[in-house]
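S.K.: Sharing a model that was predicted from the sequence below.
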Amino acid sequence: MRMQNANQKTRFLASYIPNPKERRTILTCFILMICLFFIGIVVISLNHQQLMVQEYKHYKGLLKQFGSVSRIIYFAVLAIYPVFLLVKWKGLKTIQWRGFQLKGFIQLIAKLVRKWHVPLALTATGIVLLHGYLAIMRGFKWDFTNITGILSFILLIFLLFMGLKRFKKKDNKWHLKLAIGFLVLFMIHATF
């Protein structure tokens, strides 16, 4: 029975991610993200009393720390788009400096951002979940910041699903469109 469940999970991922090595990496990162999320929940729960008596200004600072870390990671995740645009740019071949051709360096960067795109996205998503948990734990208000945070998270869920479809290029560029929408929404959320 256990082997059958493992095969079903593998088949589900295999239907989206054809490369077995990439599939293992993503599954490992996903499991690691879930474990870190639950460790974060346990640590927050163990310090619940201390967090509740903390002055709101300090609590909000802690909340913003989680948001800032996830924002920095998401910027690294979003770096894939401009780097891939540079790789496709035909004029890149002509740029040289003292015999050093820029195209080779950009291709190396493209390989790195491609390799780390999904693991970093999953890591940032785990941090966003903790950020949301902390926000709800101290009392939720229907204000502009919280509404844009909720909308950003809903968009993030669709973005992750379209990311799975992107592996087989069956997303009709929705992954990119949702990523741009998510960037705009989470920047509004972070700014106001």
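M.R.: In hand now; what should we look at?

S.K.: and stretch 28-39, which residues are buried?
M.R.: 29-30, 33, 36-37 (16 or more other C-beta atoms under 10 Å). (Glycine included, C-beta is placed from N, CA and C.)

S.K.: I'd like the next helix or strand past the helix or strand hosting residue 25.
M.R.: Assigning secondary structure by DSSP states H and E places residue 25 in helix 20-46. Heading C-terminal from helix 20-46, the first helix or strand you meet, by DSSP H and E, is helix 48-53.

S.K.: Give me every residue in contact with that following helix, excluding its own residues.
M.R.: Outside helix 48-53, the residues within contact range by C-beta atoms under 8 Å, 6 or more residues apart in numbering are 44, 59, 62, 134, 137-138.

S.K.: what pLDDT, on average, does it get?
M.R.: Taken as a whole, helix 48-53 has an average pLDDT of 88.

S.K.: one step back: out of the contacts of helix 48-53, which end up buried?
M.R.: Neighbour-count burial (16+ other C-beta under 10 Å) is assigned, among those, to 59, 134.

S.K.: Could you export the contacts of helix 48-53 as JSON lines, including secondary structure?
M.R.: Formatted as JSON lines, the contacts of helix 48-53 follow (DSSP: H, G, I helix; E, B strand; the rest coil):
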{"residue": "44", "secondary structure": "helix"}
{"residue": "59", "secondary structure": "helix"}
{"residue": "62", "secondary structure": "helix"}
{"residue": "134", "secondary structure": "helix"}
{"residue": "137", "secondary structure": "helix"}
{"residue": "138", "secondary structure": "coil"}
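
S.K.: Could you check the angle the host helix or strand of residue 115 makes with helix 20-46?
M.R.: Under the criterion of DSSP H and E, residue 115 resides in helix 102-137. In terms of direction (axes from the mean of the first three to the mean of the last three C-alpha atoms, to 10 degrees), helix 102-137 departs from helix 20-46 by 30 degrees.

S.K.: which strands and helices sit next to helix 102-137?
M.R.: Helices and strands touching helix 102-137, as assessed by 3 or more C-beta pairs under 8 Å, 6 or more residues apart in numbering; DSSP states H and E, comprise helix 20-46, helix 48-53, helix 56-78, helix 80-88, helix 144-166.

S.K.: So which bits of the shortest one are buried?
M.R.: Neighbour-count burial for helix 48-53, with 16+ other C-beta under 10 Å as criterion, is recorded at residue 51.

S.K.: In the chain, where is pLDDT below threshold?
M.R.: Low-confidence segments of the chain, defined by pLDDT under 70: 1-10.

S.K.: Most remote residue from the middle of it, which is it?
M.R.: Most distant from the centre of the chain: residue 98, at 37.7 Å, with distances by C-alpha atoms, centre = their mean.

S.K.: Enumerate every residue touching residue 111.
M.R.: Shown in contact with residue 111 (C-beta under 8 Å, 6+ apart): no residues.

S.K.: ok, it to residue 17 distance?
M.R.: Separation of residue 111 from residue 17 (C-beta to C-beta, to the nearest Å): 18 Å.
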